[in-house]
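**Student:** can you look at this prediction? I've put the sequence above it.
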Amino acid sequence: MNVGLEHYLTVSALLFALGLTGVLIRRNLLIMYMSIELMLNAANLAFVAMSRFTNNLNGQVMVFFIITVAAAEVAVGLALIVALYRKRQTAHVEDLTSMKL
Amino acid sequence: MIENLSAWILFLPLIAAAVITLFTRRSPSVSAYISIAAIAISFLLTLGLFFRLGNETALTVPAIKWLSVGNLNVEIGFLVDRLSVLMLLVVTGVGLMIHVYSYGYMHGDKAFSRFFASLSLFTFSMLGIVFATNFFQMFIFWELVGLSSYLLIGYWFEKPSAADACKKAFLTNRIGDFGFLLGIIIIWSLLGSVQFSELQNAITQNKAALGALATVAGVLIFMGAMGKSAQFPLHVWLPDAMEGPTPVSALIHAATMVAAGVYMLVRVFFLYTATPAWPEALSFMEGVTALEIIAWIGGITSLLAALIAVQQNDIKRILAYSTLSQLGYMIMSVGLDGKTAAMYHLTTHAFFKALLFLGAGSVIHAMHHEQDIWQMGALRKRMPRTFWTFLFGTLALAGVWPLSGFYSKDEVFVAAIDGNPVLFGIAVLVALLTTFYMFRLFFVVFYAPEKSEGASHAHESPTVMTGPLIVLAIPTVIAGFFGINHYLSRGDANAHGEHHGFVDLLIGPFGHAPLAAIMGLAAVIFGFAAAYGLYYRAKQDPLPNMMRPVARSMRNRFYFDELYAALINLTHEALAKIATGIDRWIVGGALVKGVQGTTELFGRGLRLAQTGNLQTYAFIFVIGLAVLLFVFFRP
Amino acid sequence: MPNLLSFTILFPLIGALAVAGTPASYRFLIRIIAIVTTALSLACGIAVFASFDPNVAGYQFKEALTWVEAIGIQYKVGVDGINVGLVLMGTIVAFAATAMSYLVVERVKEFYLLLLVMIGGILGAFASLDIFFFFFFHELALIPTFIMIGVWGRGANKNYATFNITLYLSAGALITLLGLVALYLTGNPRTFDIEELTRQFSQNAMPLARQQLIFPLLLFGFGILVSLWPFHTWAPLGYGAAPTPTAMLHAGVLKKFGLYGLLRIALPLMPQASQSWVQVIAYLCLGNIIYNGFVAMRQRDLNQLIGNSSVAHMGFIFLGLASLSLVGVTGAVMIMVAHGLLAALSFAISGYFYKEAGTLDMDKMGGFLQRMPFVGSAFLIAAMAGCGLPGFANFVGEAMTLFAAYQSLPLITSFAVWGGLVIAAIYMLRAVRDILHGPLPAEFDRMSDALGWWRKLPFALLFLALLFFGVWPRTLTEKIQPAAQRILEMATAKQPAPTSTAATVAQISSTAPLERTE
Amino acid sequence: MNASLMIVEIAVVLTGLALLMLDLWLPRERRPQLGYLAAGAVAAILVGSFLWNPGTQYAFNNSYVIDPLAMFFKRFFLLTALFVLIMSVDFADRIPVGVSEFYALILFALSGMLFAASTNDFIMLFVSLELITVTFYILTSFQRHRVRALEAGVKYLILGALSTGFTLFGIALIFGTAQSTNFTEILSKAGILDSKLFMLGIFMVLVGLGFKIAAFPFQIWAPDVYQGSPAPVTAFLAVGSKAAGFVLLIRVLFGAVPTLAQNWNELLIVITMVTILYGNLCAIPQRNLKRLLGYSSIGNAGYLLLGVSAANAAGHSAILYHLLGYLFTVIAAFFVISIVTRQAQDEDINVLNGLHHRSPLLAATLALAMISLAGIPPLAGFFGKFLLLRSVVERGGSDPLYWALLGVALFGIVTSFYYYLGVVRAIYWSKDSAADDVPLHVSGIVRFALFACIVGMLFLGIFPNSAVNGATRATAGLSQPAGPAVAAK
Amino acid sequence: MSGYDIAFYAFSILTLLCGVIVITNRNPVTSAMFLVLTIVCMAGLFVLLRAFFLAAVQILVYAGAVMVLFLFVIMLLDLKEEALRKIRKVRAVIGALAVIAVVGIIINVIWNSVPATTTPTLVGATAPLGRLLFTNFLLPFEILSLLLLVAMLGVILLSKKDLK
């Protein structure tokens, strides 16, 4: 069996699952955020594979966009986390429950 | 034509009531004059109507179309025939006397105007029943009579006993009216009309028109009479109704209103000629007719009331039970197919019982509202006019020849002897008891030594009160000589043209039914003898010592009030408690509050998901997603 | 230029605007505005009633204005025999309630504003011939009710009562709304116009499946609004807490909206469904008459008693409707009018008692007739009318419904007669006995009767109207009868012969959405 | 490429840039006034947009579309931003630094929404969505001296990024299966719905949109973020961001895969039901005003989803109408809350006690807003819910599932009375008044905005004709395929 | 198995392994470092897919810029190792089930309905990519520039030391 689209997509899905698991099990905001980056990368992989196997370059343009957006998002996100850390001296999610119910 | 003035007979008292309520509340005398004038004019017009009727059976009077929807047509009509004219005479005649008497009796009462307004309202309602050409109209005025009775019994409403009594009277009547209305509804649904003439035609043409419901409908209609005429088992309200002013007791609870039941039964007697057709399942009821039930109820009531009367000490209550007993006679008579006899007795009874009540009122007035006969005594000398008129009343009630009561009671006996020997026996026993308790009362009040200060300082009442006594004493004595029964039955074709001489009338009873007449007189003699022996000079009641338990039961009215109280507690109060409980705890509580509470609880529960913890949020996000994915993309 | 009927609705709303523009400190002026506008409305109502011609088929005083053309909503009003009496009754009660509003002393401006809006909504609801406005006006009247109970209400559990009545009635209204929307979508072409819908469905009966869908929605939606058993608990609770004018208007007029809706919409448009639901209605109405009668017997608070008795009276109206006969339906409309006047009178009196005595606990009261012969007598009259005494309009209506219902529902009717004659008498007379009769407790020595014709007017007006229709019922029945006849002709129609059996089966079993491919 | 079609967006972006420039020349204390400039510009653009009637045109390789629907939402967003800017000026004293940036960010978010309104391509969808989302991360935590603001920002950030991940993965699947990301092309691809992978892709895109509109099970962020954000941002989030989600949802579901919208009725119904229930039930015991509105916004997302579930023309126009009513209502509510909480430094319902005495205008506005939210005539909320319910009844036929949906919707509406009227109660008949009975000062322009909101609520409720017509016209272009049941007939 | 296949499996397994370490290692710095490795391995997969330009961008932007930023922040905040915590079993099971369900279904769908593919000929060269970017995708590109501006503003506002 040749390596085909489904193989790439499977890898991508597994990577996506890893990211999801990370969000669920980690309590450190930064690591959670890194896990989300994993998910974005999974999407990137899917795009590139799709692009390759359907002979459509648009997918690669999309990946380009995603990387840009991810960069922007990371910048904002990290700034936020840092700001919060300065205030609360913590980056752990269970400490961030001043608003609930 | 004078019959076209029938509406005035009916509405004059109403107008009087309205005028008094609206304008003359603050001038009592004017109110009284207006009220008296209204009933006097009504009486005169009735007399005119009587003479206009002459030998005719009925007159046609244009009716007012009142309600007409679909096949429900109701008119306010004016039925003018012998039956109604006789009843009109009784109502307006006796009523006029009582109005006049009241002017004296009630003098100085602070709500004098209200009294006369209510009295006029009552007269209006009562006349409406008499004039009724259909069931619906009769029911309307039937209820209005109930209302006026309520108002008059509760006239001294600040007295708790009076307030309770009027409530009791109205409610007991309502139970009867329940049957009455349901009966009317059944008849309407079967025959499509409420008009007496149409119903009579329908039943005459087809005796089985009421089918399986004939007896049921008949008994239901009778329930109306049971309430108004205070028949067993709805008799309990009447004695309590004596809480009202004495003229009211005389007019409403002796002469007229309580007789309305009898009048109604006579009026709709054609219903009871229908043959019942019981359905297969109820074939064992075959042969049971409404009339039979009516007769027995009447008989039982008369006996029961007479027994209770023997051991009462309140002068008005004795008379009240006596009224019950006499009403029982009338009802029994109707049940035994003796409707003429019933009406006859009704008429004479109206006179002498009104007389007795007014006499009692006179006594009470003199005794400063003391009603216990064992506080009175030796009033014969101090109140001669009252004494004499009262004597006539007593004799008439006892049925002493040749007073009016003898003749009418004899007619009842005749009906019983023809119909049912057992009931005849009861009737004779009641006659005996009647004589006994009436003379017990009479002796204790007028002959026995005085037993209180009040009794020794009593004075004869003013003329405005004794006048009506004397006027009423006249028909009490002579009403038997007019052949009222013949006047009524002369309407029938077969009796037409028959003429009776005065002497024929005088001794007639001994001629055509000697057994009845003789038994009646014998009962009077025995009763009188017993009363004379026991009470002629009695200082206290010897009877309780002689027959303890029986007397106690009698004195306590055979415990009917207690029984009913228990019954109501067991049924309505219990159901009400259950319903309220359900309302509070189940419908209002478990359901409504439950739904609200559960909703809020769910809200509070759901809200717990909002822990504030980001990880939980992600968890919920993913779990929700997983569930949706699983449901919609499951392999 | 709007016609008389529109003016009947408009005057209170204009009054509301005027009140809104008046400074709150001009209390007297505000009161005058309210009274004058409701009086004008009353005059219009009387004029409409008087000039209504029962022999003309269809609606009179019609007026229509397009509102939302995209879905065909229009402001359309008109009266026929059914609602002409209700509008008149509404204006009478509205005037009386406004006149009784002197009992409210706090935040007068807001109160009158809400009161006038409520009145406008009530009258609009009864006059509307457009389903949407029919509902819209009802809501317009309902909301001020809630607010008035919440702000000016009394009693310890005022808040609970407010929320209870709000949630309950809103639920009812929304269920009704669903039914009405479904009804609108069933029309072909779709329309909110009641007249048009009636025309459509009298020509082609509504598919059975659709009837069985919409009818229960309307029945229970409206049923909640009318306190059909067992959805009644809001009524005594809410009325117990409501300020007097609000209770008068709601119990008297607004509550009839549900019944009016059933009669105007549910019965004629969904005949087969109506016929199949009649038994259910009949049994439920027995719940109202008997059960709530019993509950009323146990009440010791006058307002609770009146509230429960008013629930019980609704049973007779349902019974009349369930009879599906001319006499019964005419009687039902008659009771609607009569009970409106009666309920308003009862609550006006209890409000007055409360003002004078400071309590409505019947265990504490007694002998009031000595201190207030006028109001006391009025209460006696109301109690008597409440237990169906002839001479008052209630009797005529109740008797008619009972007469009519016996033919199809003998057993239930027998119980209803018991409930109407005996149970009603028990609780009404107990109230009279406890409140009016007996000795007067010393603490009530300072009470005074309604003095001056102005104070007496609302009582007298309601009482006289009750008496008028009781003594001359034909003034009302002759107007109702032709309209009721028309409604019944539709309501008792048999299932029309289907063009083919297969078509009917398809119609019934189809779960087709309401969309039509036109 | 007809870039002139983007004139509205360009104008907004230029305004934003101009603000950033002007900031440099203005003294600190004058900077808050820039908001008026921004508001004025937005107002001018709004007015201008009415003079421009481009019909239906496409640009940028069909990825951008101007049609009545787009124009409706563009005007909607402009109006929202106008109100939000006015509110922000009033709020400026509570923003310690970067007021002009705050205004500029609002404008940039607005431009993202404007693009979203014209989206006709999944790539555009992603990009405009990201522009909105990232801007909101910043706006949410703009008051960085408040821990709650930061906390809200972080929560929004993590969950937002999570949902972005799903959206992206979904777009990838769509791209791979449909070989295109253009809505119009996808619509014309026959048999694409046979691909389960494609459907999975759409589903995952819906996850992202569901997050934006706060639909179950992605609603969880809303209460915290609403509570933590500055009032103008919350208002913008509640109205603008939600509407953006809805316009994208409409475009995707009814513009690209209308048949799927029909086939997925069960999915949509279930989500709608749970969303309505969740929002309304959780709100019952809620005491914090902004949080309450957060739950309420979840409930309202549910109501709006009714129109999506109905998946018919009536449903589409009902969504638009209801959103319009929701705009005035929620903006009005946040105006009042923003003013009241400034003085009280607290957001508990208690701060409303005695508001009636302190400022009748504010009291009346908030009360009207609550009544409108509760769906009581004659206010806008009533007619909106009426139209939504109507669309479901129309679709439902005798299908029990739709009637269950209606039942739940009614239950939700009735339940919502409980807490909306609780607010009204606090305003008008609370027993103990707030500590100080100081009258609240309301500036002229805010007063004007409040009046505009009230007029909007009342006008939409009493004269819904023009708005309904507008909504109907705007959605007329959407495909209206016959429902499956009709096809079976 | 061709060399291509071997390379694919190698890169895939490496990517996933590194990913596992990212989410399991308790030391944030290690996590970040392994994320960089993951990204680099992915770049390898990109190369296998003939997306050379993207592979370069991936390494330059992602591994180079983004991850450095991450590391920088981790250092700045001086994050310690995450303390072990009690794992609530129910929660763990449900979470695991949920993730397995999500991924299982996705993979299942992928294998069941993967789109028909043609022989891959596409090469992700820079020139065609650039052409596309500035023609068909000009609008998203411009919007992204706006997004970057926003991000810049945001970062400055959120992290400027003294608030003026």
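**Tutor:** Cool, the structure landed. Given the structure is predicted, the values throughout are model-derived calculations rather than measurements. Residues are numbered from 1 along each chain as shown, chains lettered A, B, ... in the order given.
**Student:** any idea how far D:Ser391 is from C:Ala465?
**Tutor:** Distance of D:Ser391 to C:Ala465, computed by C-beta to C-beta, to the nearest Å: 45 Å. In this view, the C-beta of every residue, glycine as well, is placed from N, C-alpha and C.
**Student:** equivalent analysis for B:Val288, please.
**Tutor:** 48 Å.
**Student:** looking at those two, which is more packed in?
**Tutor:** Per other C-beta atoms under 10 Å in any protein chain shown, whichever of B:Val288 and C:Ala465 has more neighbours is C:Ala465, with 23 against 14.
**Student:** what's the spacing between that one and C:Ala182?
**Tutor:** C:Ala465 is 37 Å from C:Ala182, by C-beta to C-beta.
**Student:** same check, this time on E:Gly130
**Tutor:** Counting by C-beta to C-beta, the gap from E:Gly130 to C:Ala182 is 59 Å.
**Student:** look at C:Gln299 and report its pLDDT.
**Tutor:** If you check C:Gln299, the pLDDT there is 85.
**Student:** please apply the same query to E:Ala83.
**Tutor:** 68.
**Student:** equivalent analysis for B:Ile34, please.
**Tutor:** 89.
**Student:** burial count for it?
**Tutor:** With other C-beta under 10 Å as criterion, B:Ile34 counts 24.
**Student:** is the helix or strand encompassing it in proximity to chain C?
**Tutor:** B:Ile34 belongs to helix B:28-53 when elements are defined using DSSP states H and E. No. Judged by C-beta under 8 Å from any C-beta of the partner chain, helix B:28-53 and chain C are separated, with a smallest distance of 14.8 Å.
**Student:** report the separation between the closest residue to chain E within the stretch 1-150 of chain C and D:Ala318.
**Tutor:** Nearest to chain E in the stretch 1-150 of chain C, going by C-beta to the nearest C-beta, is C:Ala70, at a distance of 34.6 Å. According to C-beta to C-beta, C:Ala70 stands 11 Å off from D:Ala318.
**Student:** more crowded one of these two?
**Tutor:** The residue with more neighbours, out of C:Ala70 and D:Ala318, is D:Ala318; 32 against 19, by other C-beta under 10 Å.
**Student:** contact partners for that one?
**Tutor:** Contact analysis of D:Ala318 by C-beta atoms under 8 Å, 6 or more residues apart in numbering or on different chains lists D:306-307, D:310, D:384, D:387-388, D:390-391, D:471.
**Student:** okay, those in JSON lines with neighbour count and secondary structure next?
**Tutor:** What follows is the contacts of D:Ala318, written out as JSON lines (neighbours: other C-beta atoms under 10 Å in any protein chain shown; DSSP: H, G, I helix; E, B strand; the rest coil):
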{"residue": "D:Leu306", "neighbour count": "32", "secondary structure": "helix"}
{"residue": "D:Gly307", "neighbour count": "31", "secondary structure": "helix"}
{"residue": "D:Ala310", "neighbour count": "31", "secondary structure": "helix"}
{"residue": "D:Gly384", "neighbour count": "31", "secondary structure": "helix"}
{"residue": "D:Leu387", "neighbour count": "27", "secondary structure": "helix"}
{"residue": "D:Leu388", "neighbour count": "27", "secondary structure": "helix"}
{"residue": "D:Arg390", "neighbour count": "26", "secondary structure": "helix"}
{"residue": "D:Ser391", "neighbour count": "26", "secondary structure": "helix"}
{"residue": "D:Ala471", "neighbour count": "26", "secondary structure": "helix"}
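**Student:** would you put the C-alpha positions of the one helix or strand D:Phe448 maps to in PDB?
**Tutor:** Under the criterion of DSSP H and E, D:Phe448 resides in helix D:444-462. Extracted in PDB, the C-alpha atoms of helix D:444-462 (Å, rounded to 0.1, in the frame of the first residue of the first chain):
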ATOM      1  CA  GLY D 444     -25.900  64.800  26.100                       C
ATOM      2  CA  ILE D 445     -24.600  62.400  23.400                       C
ATOM      3  CA  VAL D 446     -25.300  59.400  25.600                       C
ATOM      4  CA  ARG D 447     -28.700  60.700  26.200                       C
ATOM      5  CA  PHE D 448     -29.200  61.000  22.500                       C
ATOM      6  CA  ALA D 449     -27.900  57.400  22.000                       C
ATOM      7  CA  LEU D 450     -30.300  56.100  24.700                       C
ATOM      8  CA  PHE D 451     -33.200  57.900  23.000                       C
ATOM      9  CA  ALA D 452     -32.100  56.400  19.700                       C
ATOM     10  CA  CYS D 453     -32.100  52.900  21.300                       C
ATOM     11  CA  ILE D 454     -35.500  53.400  22.900                       C
ATOM     12  CA  VAL D 455     -36.900  54.700  19.600                       C
ATOM     13  CA  GLY D 456     -35.400  51.800  17.800                       C
ATOM     14  CA  MET D 457     -36.900  49.200  20.200                       C
ATOM     15  CA  LEU D 458     -40.300  50.800  20.000                       C
ATOM     16  CA  PHE D 459     -40.200  51.600  16.400                       C
ATOM     17  CA  LEU D 460     -39.300  48.000  15.500                       C
ATOM     18  CA  GLY D 461     -41.900  46.700  17.700                       C
ATOM     19  CA  ILE D 462     -44.700  49.000  16.800                       C
END
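**Student:** residues making contact with whichever strand or helix holds B:Ala576?
**Tutor:** If you go by DSSP H and E, B:Ala576 is part of helix B:574-581. Contacts with helix B:574-581, where a contact means C-beta under 8 Å, 6+ apart, come from C:291-292, C:294-295, C:297-298.
**Student:** nearest to B:Val258, of those?
**Tutor:** Taking C-beta to C-beta as the measure, B:Val258 lies nearest C:Met297 of these, at 28.1 Å.
**Student:** give me the number of residues near that closest one?
**Tutor:** Residues within reach of C:Met297, counting by other C-beta under 10 Å, total 23.
**Student:** so what's it up against?
**Tutor:** C:Met297 neighbours (C-beta under 8 Å, 6+ apart): B:572-573, B:576, C:423, C:426-427, C:430.
**Student:** now do 7 Å
**Tutor:** B:572, B:576, C:423, C:426-427 (C-beta atoms under 7 Å, 6 or more residues apart in numbering or on different chains).
**Student:** could you dump the residues you listed into CSV and include secondary structure, pLDDT and neighbour count?
**Tutor:** As requested, these are arranged in CSV below (DSSP: H, G, I helix; E, B strand; the rest coil; pLDDT from 0 to 100; neighbours: other C-beta atoms under 10 Å in any protein chain shown):
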residue, secondary structure, pLDDT, neighbour count
B:His572, helix, 76, 16
B:Ala576, helix, 80, 22
C:Ile423, helix, 88, 27
C:Ile426, helix, 88, 23
C:Tyr427, helix, 89, 26
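**Student:** so which of those residues comes closest to C:Gly21?
**Tutor:** Nearest to C:Gly21, judged by C-beta to C-beta, of the contacts of C:Met297 is C:Tyr427 at 45.6 Å.
**Student:** where does the stretch 1-150 of chain D dip in pLDDT?
**Tutor:** D:1 (pLDDT under 70).
**Student:** tell me, how many neighbours does whatever residue of it ends up closest to chain B end up with?
**Tutor:** Distances between the stretch 1-150 of chain D and chain B by C-beta to the nearest C-beta are smallest at D:Arg148, namely 10.6 Å. Using other C-beta under 10 Å, D:Arg148 has 17 neighbouring residues.
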